[in-house]
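[1] Just the structure for this:
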Amino acid sequence: MSYVTTRDGVQIYYKDWGPKDAQPIVFHHGWPLSSDDWDNQMMFFVLNGYRVVAHDRRGHGRSTQVSGGHDMDHYAADAAAVVNHLDLRNAIHIGHSTGGGEVVRYVVKHGAGRVAKAILVSSVPPLMLQTPANPGGTPMAVFDGYRASLAANRAQFYRDVASGPFYGFNRPGVTAIQGVVDNWWRQGMTGGAKPHYDGIKAFSETDFTEELKVMNVPTFVIQGDDDQIVPYKDASVKTAALLPNAQLKIYKGYPHGMLTTHADVINPDLLAFIRS
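    Numbers count the residues shown, from 1 in each chain. You can find the predicted model right below:
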């Protein structure tokens with residue numbers, strides 16, 4: 001397996017598939033998953049001639065289950081360590097959920113001269129948390145509930161999220177796909193409990209508003225309007241309005257995990273944006 005070691009000694013696992021001289025696409029996964037969550041997209045794009053790279057965030061997947069550094073600055077720096085190690089240029093950066101926040105922080109702080117375009121899928125920016133300045137956000141009590149459930153019985157909590165709201169399997173008439181549920185649970189349980197616990201603060205309380213205003217690369221912002229994890233009106237709609245160069249697309253009825261449940265629609269749309 002391939003690893004890069006960060007400045008603070010964390011080993012970050014990564015995948016690097018496809019022709020080394022092809023345009024690279026870098027994938028940033030969501031909480032509490034791993035680079036495996038991008039299997040469908042990585043296969044789709046490598047078969048379309050691209051170089052595809054994805055890493056496991058610190059504390060997630062096969063990367064080091066380190067005790068500290070579970071914040072957006074470290075997440076973005078870890079992504080930069082992979083990009084710099086592979087010397088990726090003219091890259092497309094795609095982030096889902098927490099990974100979308102990671103993309104924003106990476107592009108603004110580390111991406112100068114290396115990034116061609118960005119794609120934010122069902123992503124947490126500008127700010128998930130409800131505050132006086134963000135009254136449409138998600139109340140702190142929801143995130144406190146996540147932390148309590150994780151600390152009490154992480155295995156059951158992850159089963160409940162995957163079989164319910166993440167993919168919309170709790171909606172009437174929607175049949176859960178057991179393999180998808182099992183794969184989400186497997187990825188989550190491979191990572192560390194403390195990194196995942198700390199990561200809830202990172203994805204819910206980080207305010208990306210000012211960074212979005214100066215993120216100048218062409219950016220495709222997409223989300224489903226039945227996202228039960230990240231409310232789209234407070235996320236993608238606001239994000240696209242803040243970005244200098246954004247395209248916004250909202251998919252009717254699609255869930256938070258639409259990259260998996262509706263890959264047949266989403267993948268060609270991603271390819272069209274990348275080729276545009």
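
[2] Report the distance from the lengthiest helix in the chain to the chain centre.
    If you go by DSSP state H, the chain has its longest helix at helix 140-163. Centre-to-centre, helix 140-163 and its host chain are 19 Å apart (CA atoms, centre = their mean, to the nearest Å).

[3] residues in contact with that helix?
    Outside helix 140-163, the residues that touch it by CB atoms under 8 Å, 6 or more residues apart in numbering are 32, 129-130, 169-170, 176, 180-181, 184-185, 188-189, 193, 196-197, 200-201, 204. Quick note: C-beta positions are derived from backbone N, CA and C, even for glycine.

[4] tell me which residues in the helix or strand following it are buried?
    Note on helix 140-163: by DSSP states H and E, the next helix or strand toward the C-terminus is helix 178-190. Of all the residues in helix 178-190, those buried under the rule 16 or more other CB atoms under 10 Å are Val180, Val181, Asn183, Trp184, Trp185, Gln187, Gly188, Thr190.

[5] got the residues you listed as CSV, with distance to Thr260 and pLDDT columns?
    As requested, the buried residues of helix 178-190 are exported to CSV (distance: CB to CB, whole Å; pLDDT from 0 to 100):
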residue, distance to Thr260, pLDDT
Val180, 6, 98
Val181, 11, 98
Asn183, 9, 98
Trp184, 9, 98
Trp185, 13, 98
Gln187, 12, 98
Gly188, 14, 98
Thr190, 17, 98
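
[6] nearest to Gly111, of these?
    Gln187 (26.1 Å; CB to CB).

[7] could you list every residue that touches the closest one?
    Pro32, Leu33, Ser34, Asp36, Asp37, Gly61.

[8] Now, of those, which are buried?
    The neighbour count (16+ other CB under 10 Å) marks Pro32, Leu33, Ser34, Asp36, Asp37, Gly61 as buried among these.

[9] Just say helix, strand or coil for the fourth one.
    What that stands for is Asp36. Look at Asp36: counting by DSSP: H, G, I helix; E, B strand; the rest coil, its state is helix.

[10] In contact with it, which residues are there?
    Asp36 neighbours (CB under 8 Å, 6+ apart): Gly61, Asn183, Gln187.

[11] that older thread, would you check which pair of the buried ones among the contacts of Gln187 lies furthest apart?
    Of all the pairs that the buried ones among the contacts of Gln187 form, the one spanning the most space (CB to CB) is Pro32 and Asp36, at 12.2 Å.

[12] where do the helices sit along the protein?
    Using DSSP H, helices in the chain cover 39-47, 72-86, 98-110, 140-163, 178-190, 193-205, 209-214, 236-242, 258-261, 263-275.

[13] Flag every buried residue along the last one.
    Taking 16+ other CB under 10 Å as the basis for neighbour counts, the residues of helix 263-275 that come out buried are Ala263, Ile266, Asn267, Leu270, Leu271, Phe273, Ile274.

[14] Using PDB, list the CA coordinates for that helix.
    Extracted in PDB, the C-alpha atoms of helix 263-275 (Å, rounded to 0.1, in the frame of the first residue of the first chain):
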ATOM      1  CA  ALA A 263     -24.000   7.400  -9.900                       C
ATOM      2  CA  ASP A 264     -25.500   6.700 -13.300                       C
ATOM      3  CA  VAL A 265     -26.700  10.400 -13.500                       C
ATOM      4  CA  ILE A 266     -24.000  12.100 -11.400                       C
ATOM      5  CA  ASN A 267     -20.900  10.700 -13.100                       C
ATOM      6  CA  PRO A 268     -21.700  11.900 -16.600                       C
ATOM      7  CA  ASP A 269     -22.500  15.400 -15.200                       C
ATOM      8  CA  LEU A 270     -19.200  15.500 -13.400                       C
ATOM      9  CA  LEU A 271     -17.400  14.400 -16.600                       C
ATOM     10  CA  ALA A 272     -19.200  17.100 -18.700                       C
ATOM     11  CA  PHE A 273     -18.100  19.800 -16.200                       C
ATOM     12  CA  ILE A 274     -14.600  18.600 -16.200                       C
ATOM     13  CA  ARG A 275     -14.500  18.600 -20.000                       C
END
